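In: sequence first, then the predicted structure:
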Amino acid sequence: AFPSYFDLDRVVPTWWPSRTSLSPRVSEMEMRFGSVVDEEGEQVSPDPWCSEPGVGCADACCADPCCPGCCPGFYVFGEYLFWRAHRSCRPHVGLTTTGTFDPNENTVVEYGGVDYDWDSGVRVGFGHTMASCWDVAFTYTYFSNEGDAFTDDEDARLIPLAAHPGWIAASSSLSSSPGVEEASAALGLDYHTFDIELGRQFQFCCSLTGRAFAGLRATQIDQESYYFYANVDSGTTIINAYDEVSWSSEMHGFGFRGGGSLNWNICGSCHWSLFSRTAISLLLSEFEHQRTEVILDDASGLRGRLIATGECHDIVPVMELALGIRYDHGCCWLAAGYEFSTWFNMVNDIRFATDTNQDNPIAQESETQVIAIDRGNLSFDGLFVTAGVDF
């Protein structure tokens, strides 16, 4: 008789549906980034970005598409900022000769400027990362910056650019020579930003991760400028005439902000990584400006005060870029780097460019004034050092 191939004693079951398999299930991502054993028995990875796939947590990262920054939980961080601001500020020009501006001769001038100093700031934030690799975060940044400059010239060859030209011309002490003898300037700035972000983390390979985010930004930036022009008595060295100009601008903005970041583990290291961060914002902003000018000339008895105020609305684009290095150890991490940002349309300085009736500036009619608005950008750059903890 022919044996029955369907007899139960000829079939040895190796797996029953009611029993749990002894082999763990392998996901598609684990198969893609799974390690391979070479001829010597060492584990290697088919991923070209993984320099050391068999060391430490690199294998775990390759097996987890959300690794390393997607562990659910909360995090907080604090940053020390060492920044400086930049904006165009040229309070005077200096003549290279004792002559005046003559169209029939070559007149050479040198711009005098004032720059911000390096100052400290702070940035703090906290957030929550979900198991789905989505996260939400809040960040606050504060920075205050100042700068000043002083120039003197015994031959009074400093031409004041921020002063009212009609008042300078009417002053017998300030207009008796090509320019003024002393010129000084000071700058001040306060910077506040509040950011709320919704982000998503991605795993491109075991050594390269990224994050995309979008959210809202609210900001307040206050700017101040101060200019002082004076002539002194040669005998007593006491100021006998001066023109003092102050300008302030208060900006409130609110709008959208979005960007992304990349993080590359150096040579497959579980601790050291390089990162970059970019962001773009569009802020609907309201500006309030005030310009005050005070002149005093004891010789001619000229005393006056001029106050100009105004409000305007504008769209302020912002571009940000940061580059740095990061160290992770357990639930703690440190980072340091350099960052740049530019705020467009942030400077709206009102000034009087000329005066068509300079004989009596105190009695000027409004139609005789030529008013100019100087537009410009505000930029920041500097170092940052970050410390954070996950819990």
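Out: Looks like it came in fine.
In: how far out from the middle of the chain is the helix or strand hosting Met319?
Out: In the assignment (DSSP states H and E), Met319 maps to strand 302-329. Offset of strand 302-329 from its chain centre (CA atoms, centre = their mean, to the nearest Å): 9 Å.
In: list the buried residues of that strand.
Out: 302, 306, 314, 316, 318, 320, 322, 324, 326, 328 (16 or more other CB atoms under 10 Å). From N, CA and C alone the C-beta is placed, and that goes for glycine too.
In: beta partners for the first one?
Out: To tie it back to what came earlier, the one meant is Leu302. Beta-bridge partners for Leu302, by DSSP bridges, are Asp297.
In: could you number the chain from 583 rather than 1 from now on?
Out: New numbering, starting at 583: the last item is Leu884.
In: tell me the pLDDT of it.
Out: Reading off the confidence values, Leu884 has pLDDT 83.
In: equivalent analysis for the last one, please.
Out: In this model, Asp910 is scored at 89, pLDDT.
In: quick check, it in contact with Asn847.
Out: No - using CB atoms under 8 Å, Asp910 makes no contact with Asn847, being 9.3 Å away.
In: and the residue nearest to Met712 when sequence neighbours are not counted, how close does it get to Ser714?
Out: If the residues on either side of it in the chain are set aside, Met712 comes closest to Pro654, at 5.9 Å by CB to CB, 6 or more residues apart in numbering. From Pro654 across to Ser714, the span is 9 Å (CB to CB, to the nearest Å).
In: report the buried residues of stretch 790-799.
Out: Buried, per 16+ other CB under 10 Å, within stretch 790-799: 790-793, 795, 797, 799.
In: for the residues you listed, which one is nearest Ser670?
Out: Arg799 (24.6 Å; CB to CB).
In: any idea what that closest one is bridged to?
Out: Bridge pairing for Arg799 - DSSP bridges - gives Asp777, Gly837.
In: kindly report the same for Val718.
Out: His710, Leu780.
In: wait, it sits on His710?
Out: Yes - if you go by CB under 8 Å, Val718 and His710 touch, sitting 5.8 Å apart.
In: just send the buried residues of strand 884-911 back as JSON lines, with distance to Ser851 too.
Out: Formatted as JSON lines, the buried residues of strand 884-911 follow (distance: CB to CB, whole Å):
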{"residue": "Leu884", "distance to Ser851": "71"}
{"residue": "Leu888", "distance to Ser851": "63"}
{"residue": "Asp896", "distance to Ser851": "46"}
{"residue": "Val898", "distance to Ser851": "40"}
{"residue": "Val900", "distance to Ser851": "33"}
{"residue": "Glu902", "distance to Ser851": "27"}
{"residue": "Ala904", "distance to Ser851": "21"}
{"residue": "Gly906", "distance to Ser851": "16"}
{"residue": "Arg908", "distance to Ser851": "11"}
{"residue": "Asp910", "distance to Ser851": "9"}
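In: which two in those are spaced the farthest apart?
Out: Leu884 and Asp910 (66.9 Å).
In: could you dump the buried residues of stretch 790-799 to a markdown table with pLDDT and distance to Asp697?
Out: Written out in a markdown table, the entries for the buried residues of stretch 790-799 read as follows (pLDDT from 0 to 100; distance: CB to CB, whole Å):
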| residue | pLDDT | distance to Asp697 |
| --- | --- | --- |
| Leu790 | 87 | 39 |
| Thr791 | 89 | 39 |
| Gly792 | 92 | 36 |
| Arg793 | 93 | 35 |
| Phe795 | 96 | 33 |
| Gly797 | 96 | 33 |
| Arg799 | 98 | 27 |
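In: hang on, Asp880 packs against Asn822?
Out: Yes - here Asp880 lies in contact with Asn822, judged by CB under 8 Å, at a distance of 5.3 Å.
In: and for these two, which residues touch both?
Out: Ser755 (CB atoms under 8 Å, 6 or more residues apart in numbering).
In: which residues does Gly770 bridge with?
Out: What pairs with Gly770, by the bridge criterion (DSSP bridges), is Glu728, Glu806.
In: gap between it and Asp699?
Out: Distance from Gly770 to Asp699, by CB to CB: 11 Å.
In: more crowded one of the two?
Out: Gly770 (17 against 11; other CB atoms under 10 Å).
In: circling back: helices and strands around the strand holding Met901, which ones?
Out: The helices and strands touching strand 884-911, judged by 3 or more CB pairs under 8 Å, 6 or more residues apart in numbering; DSSP states H and E, are helix 747-752, strand 821-847, strand 854-879, strand 914-937, strand 951-972.
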